[in-house]
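K.L.:
Okay, here's the prediction I keep looking at, along with the sequence it came from:
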Amino acid sequence: MRKKMYRQVTENLPNKEERTWAMLCHFSVFSMFVFPFGNILAPLIIWLIKKEEMPFVENQSKEVLNFQISMTIYLIVSALLIIILVGIPLLIGLGIFNIVITIVAAIKANEGKNYRYPINLRIIK
């Protein structure tokens, strides 16, 4: 019975290549430290290249894109709130949150799990 259940669970998991590409898509957001809007452009490129052949990568790259677009909006609003001094701790908190949650998402994607980001606006469906 256990072997049958294990077989059913492993059959539904994406293959190693899909998991690797999904993980790379999550980690690609750190390209924002190299060039502007790399956090959006890098996952977008991966999504455009792999969406037809790898459904798991398509799902996770759309999730990454939605989260990074959401974070960009939140960071712009926080930057505007610097005028009333509320924006400074918000910017720091959002920056740390973005880094930590991206690492968690990449680990989950490498395990083959569909990760859903919190506080995510679903813009790309």
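P.N.:
Looks like it arrived, so ask away. Source: prediction; values computed, not measured. Numbering: from 1, shown residues only.

K.L.:
What is the longest helix of this structure by residue count?
P.N.:
As assigned by DSSP state H, the longest helix anywhere in the chain is helix 55-80.

K.L.:
by contact count, what packs against that helix?
P.N.:
Under the contact criterion of 3 or more CB pairs under 8 Å, 6 or more residues apart in numbering; DSSP states H and E, helix 55-80 touches helix 16-27, helix 38-50, helix 87-110. For every residue, glycine as well, the C-beta is placed using N, CA and C.

K.L.:
Dump those to CSV, plus distance to P118.
P.N.:
As requested, those are exported to CSV (distance: least, CB to CB, whole Å):
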stretch, distance to P118
helix 16-27, 15
helix 38-50, 17
helix 87-110, 7
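
K.L.:
In JSON lines: the ones you listed, plus distance to I76 and mean pLDDT.
P.N.:
Formatted as JSON lines, the helices and strands packed on helix 55-80 follow (distance: least, CB to CB, whole Å; pLDDT from 0 to 100):
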{"stretch": "helix 16-27", "distance to I76": "22", "mean pLDDT": "91"}
{"stretch": "helix 38-50", "distance to I76": "13", "mean pLDDT": "90"}
{"stretch": "helix 87-110", "distance to I76": "10", "mean pLDDT": "93"}
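
K.L.:
Make TSV from those and add distance to L81 and mean neighbour count to it.
P.N.:
Compiled in TSV, the helices and strands packed on helix 55-80 are given as follows (distance: least, CB to CB, whole Å; neighbours: other CB atoms under 10 Å):
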stretch	distance to L81	mean neighbour count
helix 16-27	28	20
helix 38-50	21	19
helix 87-110	3	16
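
K.L.:
nearest to F67, of the ones you listed?
P.N.:
Across the helices and strands packed on helix 55-80, the minimum distance to F67, taken as CB to CB, is reached by helix 87-110, at 7.9 Å.

K.L.:
just to revisit the earlier point, out of the helices and strands packed on helix 55-80, flag the one nearest I69.
P.N.:
helix 38-50 (6.4 Å).

K.L.:
Not counting that closest one itself, show me its contacts.
P.N.:
Taking contacts as CB atoms under 8 Å, 6 or more residues apart in numbering, the residues outside helix 38-50 that touch it are 21, 24-26, 28-32, 35, 57-58, 61-62, 64-65, 68-69, 71-72.
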